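Q: Pasting the sequence and the predicted coordinates here, then a few questions.
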Amino acid sequence: MLEFSLGERVCFQPDGRPPLCGVITRYNKKTVTIITDTDGQCNVAPQLLRKAGAEVKPSTPGNVITFQAK
C-alpha cells in the first residue's frame, strides 16, 4: 500500500470484466477504497492495482509514427 497515495489514479481488472480505473480515496486494513470513473466504489487489494499511467494500449502498427528528439 505504501507505493500508492490517496488521490492517485490507479487501474485494476476484476475477474471476467474489463479494466476499471479510478482514484484511491481510503486505506483500509487489507484493501484500499477506489471510486471508479463510472462512479462506483470498490475495495481492492493493493497487489492488484497498477498506476493509471502504467497501462499501455496496443496500437495498430501502421498508425503510429515515432519521432526522435534532437
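A: Cool, the structure landed.
Q: What ranges in the protein fall below the confidence cut-off?
A: Within the chain, the segments meeting pLDDT under 70 span 1, 54-66, 70.
Q: Name the residue closest to the centre of it, please.
A: What sits nearest the mean C-alpha location of the chain, by C-alpha atoms, centre = their mean, is C11, with 1.6 Å.
Q: contacts for the host helix or strand of it?
A: Counting by DSSP states H and E, the element that carries C11 is strand 9-12. Contacts of strand 9-12 from elsewhere in the structure, counted by C-beta atoms under 8 Å, 6 or more residues apart in numbering, are 4, 19-24, 34, 42, 44, 48-55. Heads up, the C-betas are built off the backbone N, CA and C, glycines and all.
Q: from the chain's centre, how far out does the longest strand anywhere in the chain sit?
A: Secondary structure of the chain per DSSP state E: the longest strand is strand 20-27. In terms of C-alpha atoms, centre = their mean, to the nearest Å, the gap separating the centre of strand 20-27 from the centre of its chain is 8 Å.
Q: isn't N28 right next to V44, touching?
A: No: under the criterion of C-beta atoms under 8 Å, N28 makes no contact with V44, lying 9.8 Å away.
Q: State the distance from V44 to S5.
A: Counting by C-beta to C-beta, to the nearest Å, the gap from V44 to S5 is 15 Å.
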